[in-house]
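>>> How does the following fold in three dimensions:
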Amino acid sequence: MDRLRALRPAISRAVMALLLTLLVRYAVLRLVRWIFFRQPLLTLLRSATGFLVVWALSYLVVYAVAWARKRLLWSLRNQMAAAYVFIAVVPLILLLTMGGLAAYLLYWQLGSYVLYTEMQTRVQRVSTVAGGLATTLAIEAAATGRPASTLPIPTQTQGFLEGAKADIPGLQVQIGTGLELLAQTGSSEAAGFRGIVLSGKTVALQAVAVRDAPGGKVIVSVFAPITPELLETLAPELGPIHFNILRPAPSGSTPGAVTSLTGQRLVLVQQIVTQHRAEPPAAGLFDRRINEITALHLVDLGDDRATKGEAQLYASFVTRPSLLNRRLFGPLGNLGSTAVRLLLIVGGIFLVLEFAALATGIVLTRAITVSVDNLYLATQHVQSGDLSFRVPVRRRDELGALGDSFNSMMHSIGTLMDEQRERQQLENELSIAREVQTQLFPRELPDLPGVELEAVCRPARMVSGDYYDFIRIGPTRLAIALADISGKGISAALLMASLQAALRTELFRDGDGAAGTEPPLPNTAEIVGHLNRHLFLNTSEERYATLFLSIYDTRTRRLSYTNAGHLPPFYVAGECLQKLQTGDTVIGLFSDVQFRQVTVSVAPEGLLVIYSDGLTEPENASGEPFGADRLAEIAMRLRGASSRDVAQAMLTAAEEWGGSAEQADDMTVVVARLSRPRLEST
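Numbers count the residues shown, from 1 in each chain. Modelled structure (predicted):
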């Protein structure tokens, strides 16, 4: 045993020499392979040698700690110095290191986000051009009766296209093509397509929009190749930008192939580089160069089936934190630079306090006890209900900051109590507003022979932005209206009240038929046009409303209506369900819109269902919306039931589908059964 103990130092030295030799050899080999063969260093733990290296490093760390405890920490002064180093210096270094890494990752992410946002903005612009042009051509085809394929690009959209071409160099519009792209990407005609597409050797922003029109579908494809000129229009804060399109390298040795972080070997297919961007200069010592890469979603159509969907798009950029700060704090103006300076000042103060703690450790002992005693005294005051007590702060250190935080907390509690009282008062006022709004809805359903009515409105908040109304304008005529105001809450409710007053004024402009005489039949298109002008002149630019206005005459059994951007109502007659599809744009956005009136004949026992989008938008756990088709199914299934049963069934089905107690939007449904009028006996 004594001989073994005597041999322990020699054994330890031999083990240390062996481990050091192994570490040096492994490090040299890994470095050579990385330099000449570009092998990633992340494969360290994938081999038995890597495991031995990790074990050797662990042993060396344990041995170094044991040697330091025996040799360096024998002195009490060294122990105190080591304690202060581990208490103050080591955390400071770790925090600075972590802060630096976090800052670098933050700026990397910010630069990637800026680049991603810029590309998505242009993709959205291309999609907007395609959708707007398709919609315009569909409207022109409906107005002229000509096939959409024979129509030229409308004059009113020329300026819009020229503006888009100025923002997106190389923008091209093709009419009648794009269905192949929808089929290749699996996109539906209703949703269309937009994104970055690789077709052959061409990378482009592309969008396809399909609209239904008389004579066939309107198909518009907008194409903008990604060129150096297009990259020049991206955020100038990013400096030079490279777009690299790569595909998996074929098996075997491929010249020029690179290895990704996941170990996949990729070969460069195409590279697009800005031509007139220089690397931004540093604005200071800490304005370090950021050269990173981000991945963008690419739809690869492939040259053949074997290569389809394999290409990847990586965008690299060079920038500086100062440029990204300018982008980040730009909305604050001069306050942005002030905020950065304040942040640096606070960081400097914390740094000074950290170093000062090394020299004032003993003095802090008394400060800690005094501060704790003051905090305990403060808790006693709080327990007794005295929120006005403040902790005396005599030192500018962490304990002083704790006292400030406690004082700030007491101040915040007092402020929150005041805010709670104000909130209660506001809720009372909202309750009054809801009562007032309830008076704007019809208190009683009109008793018109041959018409059975039911309407239900469930607001998402205290007050509703949906509006429905039944207005009798003669012995045999009834106006039915349902509107959905943009937004929610008080602002939508105020606009709803204004719309209600304006609508009733327009309907009774030529009299209300109270004397038993039939006034002239109002034109719903003219009324909606007047309401559009009223909202346009008296509301802000972002305010608008959808409106479905109809007038039913029990004598002629004809329903005249105008749809201003509202969801198409259902009309059920026997076994047939018809959507009243004809419609125009919303009211309140444009001043010179021409609206149309449509008149349909109503069959006996016909059922008219009008609803707001809040009834179709609830989503289940899978994110699938309730949808208008399910409402139509309920209407067909309950076509023989009363209007009240149909309305309640629709609301119940939508709520059960959403499965959430919180309602996202106002739910409103109007059900009118238009049966034969009863003949009264004389």
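>>> where are the low-confidence patches of the stretch 551-682 of the chain?
661, 676-682 (pLDDT under 70).
>>> And the helices in the stretch 401-550 of the chain, which stretches?
489-507, 524-538 (DSSP state H, counting those that start in this stretch).
>>> Helix 489-507 and the shortest one, what's the angle between them?
In terms of direction (axes from the mean of the first three to the mean of the last three C-alpha atoms, to 10 degrees), helix 524-538 departs from helix 489-507 by 140 degrees.
>>> mind exporting helix 524-538 as CSV, just the C-alpha atoms?
In CSV, the C-alpha atoms belonging to helix 524-538 read as follows (Å, rounded to 0.1, in the frame of the first residue of the first chain):
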residue,chain,number,x,y,z
THR,A,524,-82.2,50.3,-52.4
ALA,A,525,-79.2,51.2,-54.5
GLU,A,526,-79.9,55.0,-54.2
ILE,A,527,-80.4,54.6,-50.4
VAL,A,528,-77.1,52.7,-50.0
GLY,A,529,-75.4,55.3,-52.2
HIS,A,530,-76.6,58.1,-49.9
LEU,A,531,-75.5,56.1,-46.9
ASN,A,532,-72.1,55.6,-48.5
ARG,A,533,-71.7,59.3,-49.1
HIS,A,534,-72.9,60.1,-45.5
LEU,A,535,-70.2,57.8,-44.0
PHE,A,536,-67.5,58.9,-46.3
LEU,A,537,-68.0,62.6,-45.4
ASN,A,538,-68.5,62.1,-41.7
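>>> buried set for it?
Of the residues in helix 524-538, 524-525, 527-536 count as buried by neighbour count, 16 or more other C-beta atoms under 10 Å. C-betas here are computed from N, CA, C, even on glycine.
>>> Give me the below-cutoff pLDDT ranges for the stretch 151-300 of the chain.
151, 156, 251-263.
>>> please redo it, this time with the cut-off set to 50
The model of the stretch 151-300 of the chain has no residue with pLDDT under 50.
>>> ok, back up a step: which of the helices of the stretch 401-550 of the chain has the lowest average pLDDT?
In terms of average pLDDT, helix 489-507 trails the rest of the helices of the stretch 401-550 of the chain, at a mean of 81.
>>> Please spell out which residues along it are buried.
Per 16+ other C-beta under 10 Å, helix 489-507 contains these buried residues: 489-500, 502-504, 506-507.
>>> which strands and helices sit next to it?
Helices and strands touching helix 489-507, by 3 or more C-beta pairs under 8 Å, 6 or more residues apart in numbering; DSSP states H and E, are helix 398-440, strand 466-472, strand 477-485, helix 524-538, strand 545-553.
>>> Dump the ones you listed to JSON lines, plus distance to residue 670.
Below are the helices and strands packed on helix 489-507 laid out as JSON lines (distance: least, C-beta to C-beta, whole Å):
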{"stretch": "helix 398-440", "distance to residue 670": "15"}
{"stretch": "strand 466-472", "distance to residue 670": "5"}
{"stretch": "strand 477-485", "distance to residue 670": "5"}
{"stretch": "helix 524-538", "distance to residue 670": "16"}
{"stretch": "strand 545-553", "distance to residue 670": "9"}
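>>> Is residue 240 in contact with residue 276, as I believe?
No. Look at residue 240 against residue 276 with C-beta atoms under 8 Å: they stay out of range, at 9.4 Å.
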